[in-house]
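**Student:** pasting the sequence and the predicted coordinates here, then a few questions.
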Amino acid sequence: MFDLVTLLLLFMIIASLIALFTNDLLSAVIAIGAAGFGATVLFLLLRAPDVVPTHVVVEVLTLIILLRAVVGRETVTFAGVRPIPLAVASGVLVLLFLTFAVMSFSGMPEFGKPSMIANTDAPSRTYIAESLKETGAPNAVTAVLLDYRAYDTLGEATVIFTAIVGAVVLLRRRSRKQRQLPMGEQGGNSE
Amino acid sequence: MNGLSVIVKTTTRWVIDFIFLYGLFLTAYGHLSPGGGFPGGVTIASAYILIMLAFGKEKLYQNIGFKTISRLDCTAALAFLAVALLGFAYAGPFFVNFIQKRLPGTDFELLSAGIIPICNIIITLKVSASLLLVAVALSAVRVVPGGTDEQFQAEEED
C-alpha cells in the first residue's frame, strides 16, 4: 500500500516537521504552504471537489499574508533549560492524549472510505437520497451547509466576524481617540 | 512608485476580470455545482488582494474604501441573520427554507432551491469583505526591524 495518497500524507508529515523544527521563519511559512497544498491535492484525490477551490485560495492567501507578516521580522529564539517537573507533566499529558486518540481512532472507518458504507443508519445516506427533493439543490454539500446545517453556517459566519473585528481592533496603530483620520482615508477617498 | 513591476501589473490587468468572474460563477452556481458562498467570497477577496499587491494600496482604496468594506461585512452578517429570522415569520422554525416551501422552483435551474442562493450571495459578501479587511489590517501595520515610527509613516505615504 504505497499509493499516491500515502505518498501525499508522508509529504505533508515531513513538511509539517520541517515547519516545526526549522529555525528560519520564512522556510517555516513555506513548509506550512507545502503541507496545505498537499492537503488540497489529497481532497481532490478523495473526491471532495467542493473543498478544493476554497482550500487552494485560502492556502494562497494565508501564504501571502503570513509572508507579509513574517518577512523582515526578527526571529525569536527560546533558550534555557526546561524545569524537570514541567517536562514530566507535559510528557504524561502527551501520552494520555495519544492513548485516548488511538482509542477513538480505532472506532473510525478506514481512511478514505466514507462512513456511510460501514454504517447503515448514517445520516449522510439520508442527505444523498433526500436532499434534492427536500431542498431543491442538486449540490448535496450546499444543501447540507445552507439547509440541514444552516445553524452551523451561521455560527461559522459569527466566528469569522468576531475574528475580523478582533484582528482589526488589535492591529490598528493608533486608537480612535488619538488619530484624526480613519485608516482608509490615508491613501485615498474611501466614500 | 507604487506596487510591483510592469510585468506583474500587465498580467494582473489581464487576469483580474477572469478571477472576479470565476468568483461570481462559484457563488451563483453554488447550489448546482461544486462551489458556494465561501469559495466565491474567498476568490473575490483574493482578486482584491491581488490588486492591492500589484498596484499598491491606493489603487485598492480608489476601488473600495476601508469604511465601505467594514460596512459591507457588518451588513452581510446582519442580512444572514435576517434570512434566518424570516423563517419564523413565514413557515415556522429558524432557518427554514420558506421560499422553497412556498414556491418550489424547477430542479437544476439557476433560480431554484429557495433561500440557498440568497444565502450564498450573502456569505460571499461576508467572506470577501472579512478576508479583505484582514489583509488590509495586516498590511497597514508592517513591522520593520529596528524601525521607528517615522519609517512607518514614510512607508505608508509613498
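**Tutor:** Okay, I see it. Numbering: from 1, shown residues only, chains lettered A, B, ... in the order given.
**Student:** helices of chain B, start to end?
**Tutor:** B:6-28, B:37-55, B:57-63, B:66-90, B:98-102, B:115-140, B:149-157 (DSSP state H).
**Student:** what's the shortest one in contact with?
**Tutor:** Under the criterion Cβ atoms under 8 Å, 6 or more residues apart in numbering or on different chains, residues A:135-136, B:86-87, B:90-91, B:113-116, B:118 lie in contact with helix B:98-102. C-beta here means a position set from N, CA and C on the backbone, and glycine is covered the same way.
**Student:** lowest-confidence entry in the residues you listed?
**Tutor:** For the contacts of helix B:98-102, the weakest pLDDT value sits at B:Ala91, with 70.
**Student:** show me what contacts it?
**Tutor:** B:98, B:101-102.
**Student:** for these, which entry has the maximal number of neighbours?
**Tutor:** Using other Cβ atoms under 10 Å in any protein chain shown as the neighbour criterion, B:Phe98 leads the contacts of B:Ala91 with 19 neighbours.
**Student:** find the nearest non-adjacent residue to that one, please.
**Tutor:** Among residues not flanking B:Phe98 along the chain, B:Tyr90 sits closest, at 3.8 Å (Cβ to Cβ, 6 or more residues apart in numbering or on different chains).
**Student:** what number of residues lie near the one you found?
**Tutor:** 12.
**Student:** so what's it up against?
**Tutor:** B:96, B:98, B:101-102.
**Student:** roughly how far does it sit from B:Ser112?
**Tutor:** 18 Å (Cβ to Cβ, to the nearest Å).
**Student:** just B:Gly92 next, same as before
**Tutor:** B:Gly92 is 22 Å from B:Ser112, by Cβ to Cβ.
**Student:** the two: which has the busier surroundings?
**Tutor:** Neighbour count, other Cβ under 10 Å: between B:Gly92 and B:Ser112, B:Ser112 has more, with 21 against 10.
**Student:** that one touches B:Asn97, doesn't it?
**Tutor:** No - contact criterion Cβ atoms under 8 Å: B:Ser112 and B:Asn97 do not qualify, at 11.1 Å.
**Student:** who touches both of those two?
**Tutor:** A:Gly136.
**Student:** centre of the chain to stretch B:92-111, how far?
**Tutor:** The chain centroid and the centroid of stretch B:92-111 are separated by 25 Å under Cα atoms, centre = their mean, to the nearest Å.
**Student:** let me fix that, I meant to ask about stretch B:124-138.
**Tutor:** Distance, centroid of stretch B:124-138 to centroid of chain: 6 Å (Cα atoms, centre = their mean).
**Student:** alpha carbons of it, in PDB - could you do that?
**Tutor:** Extracted as PDB, the C-alpha positions of stretch B:124-138 are listed here (Å, rounded to 0.1, in the frame of the first residue of the first chain):
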ATOM      1  CA  THR B 124     -19.900  35.800  -0.500                       C
ATOM      2  CA  LEU B 125     -20.200  39.400   0.600                       C
ATOM      3  CA  LYS B 126     -19.400  38.500   4.200                       C
ATOM      4  CA  VAL B 127     -16.400  36.300   3.500                       C
ATOM      5  CA  SER B 128     -14.900  38.600   0.800                       C
ATOM      6  CA  ALA B 129     -15.200  41.700   3.000                       C
ATOM      7  CA  SER B 130     -13.800  39.900   6.000                       C
ATOM      8  CA  LEU B 131     -10.700  38.500   4.300                       C
ATOM      9  CA  LEU B 132     -10.000  41.800   2.600                       C
ATOM     10  CA  LEU B 133     -10.300  43.500   6.000                       C
ATOM     11  CA  VAL B 134      -7.700  41.100   7.400                       C
ATOM     12  CA  ALA B 135      -5.300  41.700   4.600                       C
ATOM     13  CA  VAL B 136      -5.700  45.500   4.700                       C
ATOM     14  CA  ALA B 137      -5.300  45.500   8.500                       C
ATOM     15  CA  LEU B 138      -2.200  43.200   8.400                       C
END
